[in-house]
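Undergrad: starting from these lines, generate the structure:
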Amino acid sequence: MVRQKGPSNIGPAYKRITLPLKTPFSRLNFKLQAVLLATERSRRLDLFKKQKLSADKFYFNPEARYKRVYDYINLHLMNEAWFQRNQMSGLRSSGSGFLEFIDGFDFKTSKDLEQQIDQEWPTCLLPNKVTQEKLDDILLYRKERDLWASQVRTGRLQRKLGHSDPAYAFHDYAAMRASVIEEGRAIIGLAMQIALRQSLHHPDIPLSWERLAHVFGYAAGEISRGRDPADYLMDGSAPLLWKGGFTDTLSEKRVAYSTGRTQFMALKQYFLPVAHILGAMSVISSHPYISKNLLDSRWPSYQSGPEDLLRGYRAGFSFMDDPDDELLTKATIIYALRFQLHLTRKNAHAGSKALLSPQQIIRLESDFHPAKIVDTHRVIDISEGQAFLREPLLKKYYRVQGLYAQELLHLKKRPRPVLTLKKQPSEELLQTSLPAMILLPLPNAIVNALRSYEDTNQKPL
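TA: Residues are numbered from 1 along each chain as shown. Now for the predicted structure:
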């Protein structure tokens, strides 16, 4: 990561971040999360100043606003804390005392013990090769060794951060993550998804932030009352997004999602540096998914809506829900690279400009290739008004729900132009094992809203 220099109140916390292919995916995950959190902390600090509130009341250190590794190290510290909590809980529940497993081994030094157990471990995986008592001792040793290693890593991280504890607690992180998801992803990220689909399938419509704000402001009257753009672009299995008031404590009052032009442009001002990442999150969250670690309490996922909607195979997931999910992390990177590549170019329409300026965004530099784009779903079956598709990440079959299903049924009946994208030299050896990004033509309601925008600054022909 490279720190952004300059006195501006609002802007990217970093100029760029590097995401090497061979880096452990959990580190890639935390790198991406760190730039989102740095953006959100900068936003909150600016809002605190406008409200004449003291930043000292709050959980973050304003002097660390642009510190290069502040959020990145803190994420690792919180991850270690969750791991140690679970390990300690497991050790306590076993009823064993500290180092009680040692009596089952004959050794002179700790290195001898480690080598002995590592040699015996493959045998433990075979049935009836060791006694249950010996197996319990080995498992207990491995747990305590992992706990000790985590504590050593924690000490190193604390020295780097300059704090004996995480810079902010997990509930403070969860509040910032909620803002990133509920406002960043849900509004600016969705706008980026609309923009990319518009540029690919509806190039006759000029591309601009004002036009996107018009869609979210419902000024066009083309989107039905009580609906928002997400209803047309996101599978109905996703939990409803809720927003709390921005105060010094988490508000218990929840209000339904809605936005207008003023709020949209304000959010654009803050989240512009990470708009390409939010766009990737929006596309991924549009399809059902289930994390392999969903029930693991090591890293509680984003909570939104009734508990029974948070479990199982559903839309609405993001890489921030689970740093141990390799597929979500890598999909987010390659999708964001595609958004970065496409939206920093000028649209084909004569009245359009590049939506994202390379100087205004946090540039992602990676040897991952940008995601391949496909313009149609893998349809499994359409019958009796129901559509069954295969989603792009896990390749699972699912029944489409909500307005999203109706739009797919409509698109199924009309011809679609064949999408062609000119490949860049670096994309010739595309990593085919990673998921493609499904970007269909926009629903009629969104297209009509885009077309109905009138630019008051445009000169008449």
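Undergrad: in stretch 444-452, what counts as buried?
TA: 445, 446, 447, 449, 450 (16 or more other CB atoms under 10 Å). C-beta coordinates here come from the backbone N, C-alpha and C atoms, glycine included.
Undergrad: hmm, I typed the wrong one, I wanted stretch 362-369.
TA: By 16+ other CB under 10 Å, the buried positions in stretch 362-369 come out as 362, 363, 364, 366, 368, 369.
Undergrad: now the last one: phi and psi?
TA: As for residue 369, its main-chain torsions (degrees, to the nearest 10) stand at phi -90, psi 140.
Undergrad: please name the residues that touch residue 358.
TA: Contact analysis of residue 358 by CB atoms under 8 Å, 6 or more residues apart in numbering lists residue 344.
Undergrad: now with 10 Å, please.
TA: Neighbour list for residue 358: 16, 340, 344 [criterion: CB atoms under 10 Å, 6 or more residues apart in numbering].
Undergrad: likewise residue 81?
TA: Applying CB under 10 Å, 6+ apart, the residues near residue 81 are 150, 154, 165, 166, 169, 170, 298.
Undergrad: one more: residue 450?
TA: Counting by CB under 10 Å, 6+ apart, residue 450 has contacts 194-195, 198, 202, 205-208, 211-212, 214-215, 220, 222, 442.
Undergrad: which residues in the stretch 351-461 of the chain form helices?
TA: With helices called from DSSP state H, counting those that start in this stretch, the stretch 351-461 of the chain shows them at 403-413, 444-451.
Undergrad: could the contacts of residue 358 go into CSV alongside secondary structure, neighbour count and pLDDT?
TA: Converted to CSV, those look like this (DSSP: H, G, I helix; E, B strand; the rest coil; neighbours: other CB atoms under 10 Å; pLDDT from 0 to 100):
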residue, secondary structure, neighbour count, pLDDT
16, strand, 16, 87
340, helix, 23, 96
344, coil, 17, 92
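Undergrad: list just the nearest of those residues to residue 395.
TA: residue 340 (25.8 Å; CB to CB).
Undergrad: re earlier: which one of the contacts of residue 81 is nearest to residue 313?
TA: Distances from residue 313 to these, taken by CB to CB, are shortest for residue 298, at 20.6 Å.
Undergrad: need the longest helix for the protein.
TA: Longest among the helix segments of the chain by residue count, using DSSP state H, is helix 132-161.
Undergrad: show me what it is packed up against.
TA: Applying 3 or more CB pairs under 10 Å, 6 or more residues apart in numbering; DSSP states H and E, one finds that helix 132-161 contacts helix 70-93, helix 110-124.
Undergrad: least confident of the ones you listed, on average?
TA: Mean pLDDT values for the helices and strands packed on helix 132-161 show the minimum at helix 110-124, a mean of 65.
Undergrad: hang on, the earlier thing: so which of the helices of the stretch 351-461 of the chain gets nearest residue 355?
TA: When those are compared (using CB to CB), the closest one is helix 444-451, at 13.3 Å.
Undergrad: does residue 173 touch residue 82 like I think?
TA: No - applying CB atoms under 10 Å, one finds residue 173 not in contact with residue 82, separated by 11.1 Å.
Undergrad: so residue 17, which of the three states?
TA: Following DSSP: H, G, I helix; E, B strand; the rest coil, residue 17 is assigned to strand.
Undergrad: from what I see, it and residue 276 are in contact.
TA: No - counting by CB under 10 Å, residue 17 stays clear of residue 276, with 11.8 Å between them.
Undergrad: helix or strand with the lowest mean pLDDT in the protein?
TA: Ranking every helix and strand in the chain by mean pLDDT, DSSP states H and E puts strand 254-256 at the bottom, with a mean of 34.
Undergrad: alpha carbons of stretch 354-374, as CSV, please.
TA: The C-alpha trace of stretch 354-374 is given here as CSV (Å, rounded to 0.1, in the frame of the first residue of the first chain):
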residue,chain,number,x,y,z
ALA,A,354,-14.7,8.4,-18.0
LEU,A,355,-16.7,7.8,-14.9
LEU,A,356,-13.7,7.1,-12.7
SER,A,357,-10.5,9.1,-12.9
PRO,A,358,-7.3,7.2,-12.3
GLN,A,359,-6.1,10.0,-10.1
GLN,A,360,-9.2,9.9,-7.9
ILE,A,361,-9.4,6.2,-7.1
ILE,A,362,-7.2,3.8,-5.1
ARG,A,363,-5.6,2.0,-8.0
LEU,A,364,-5.4,-1.8,-7.7
GLU,A,365,-2.1,-3.3,-9.0
SER,A,366,-2.2,-7.0,-9.4
ASP,A,367,-1.1,-10.0,-11.5
PHE,A,368,-4.6,-11.3,-11.3
HIS,A,369,-6.4,-10.8,-14.6
PRO,A,370,-9.6,-8.7,-14.7
ALA,A,371,-12.7,-10.9,-14.7
LYS,A,372,-14.1,-12.1,-18.0
ILE,A,373,-17.6,-10.6,-18.7
VAL,A,374,-20.5,-12.7,-19.9
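Undergrad: same question for that stretch, mean pLDDT?
TA: 92.
Undergrad: next: stretch 312-320.
TA: 87.
Undergrad: straight-line length of it, end to end?
TA: Stretch 312-320 has its terminal residues 17 Å apart, counting by CA to CA, to the nearest Å.
Undergrad: now do stretch 387-407
TA: 10 Å.
Undergrad: tell me which residues in it are buried?
TA: So, applying 16+ other CB under 10 Å, buried residues of stretch 387-407: 387, 389, 391-394, 398, 400-407.
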